[in-house]
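S.K.: have a look; sequence and predicted model below, questions after that.
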Amino acid sequence: MNKQILNYRKTNHSLYSQWDRSIHDEILYKVLPYVECTTCKKDVIIVSHSFLKRKGIILRKRESLIIITSNKTLTTCYWCDHPDYLYSKEPFSHFQNLK
């Protein structure tokens, strides 16, 4: 895996989480061009199952992809089946929903 993807730098944690959770660079290449706010202190991007399906990413489960960024740096990414809890967990973050 590369330490950079598009305009984003990857932290060591994001590289490990991406590898551990089977989130391949091809998925990020299809999703990251649609992320709007990249200069906020913390961005939480919730990528819905329907968005992933439209982009040709087929999953066994109906999971959403969660991507956390900070100043053009990928902090972490993971699969989540109920991302609504993030709104209470990350109250001061900028949210973007890709549906």
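M.R.: The structure has been received and is ready for your questions.
S.K.: what comes up buried for the helix or strand of the chain with the lowest mean pLDDT?
M.R.: Using mean pLDDT, DSSP states H and E, helix 86-89 stands out as the lowest-scoring helix or strand of the chain, at a mean of 86. The neighbour-count check on helix 86-89 (16 or more other CB atoms under 10 Å) flags Leu86 as buried. C-beta here means a position set from N, CA and C on the backbone, and glycine is covered the same way.
S.K.: going by contacts, tell me the helices and strands next to it.
M.R.: If you count contacts as 3 or more CB pairs under 8 Å, 6 or more residues apart in numbering; DSSP states H and E, helix 86-89 packs onto no helix or strand.
S.K.: now do the following helix or strand past that helix, average pLDDT.
M.R.: Per DSSP states H and E, the first helix or strand lying C-terminal to helix 86-89 is strand 94-98. For strand 94-98, mean pLDDT rounds to 94.
S.K.: which other helices and strands contact strand 94-98?
M.R.: So strand 94-98, by 3+ CB pairs under 8 Å, 6+ apart, packs with strand 43-47.
S.K.: at the geometric centre of the chain, which residue do we find?
M.R.: Ile67 (2.1 Å; CA atoms, centre = their mean).
S.K.: you'd agree that one is in a helix?
M.R.: No - counting by DSSP: H, G, I helix; E, B strand; the rest coil, Ile67 is not part of a helix but strand.
S.K.: that one touches Tyr34, doesn't it?
M.R.: No - the pair Ile67 / Tyr34 is not scored as a contact, 10.7 Å apart, by CB atoms under 8 Å.
S.K.: name the residues of stretch 45-60 that are buried.
M.R.: Buried, per 16+ other CB under 10 Å, within stretch 45-60: 45-49, 51-52, 57.
S.K.: contacting residues around it?
M.R.: 27, 30-31, 35, 62-69, 79, 83, 86, 95-99 (CB atoms under 8 Å, 6 or more residues apart in numbering).
S.K.: now which of the residues you listed would you call buried?
M.R.: Applying 16+ other CB under 10 Å to the contacts of stretch 45-60 flags 27, 30-31, 35, 63-69, 83, 86, 96, 98 as buried.
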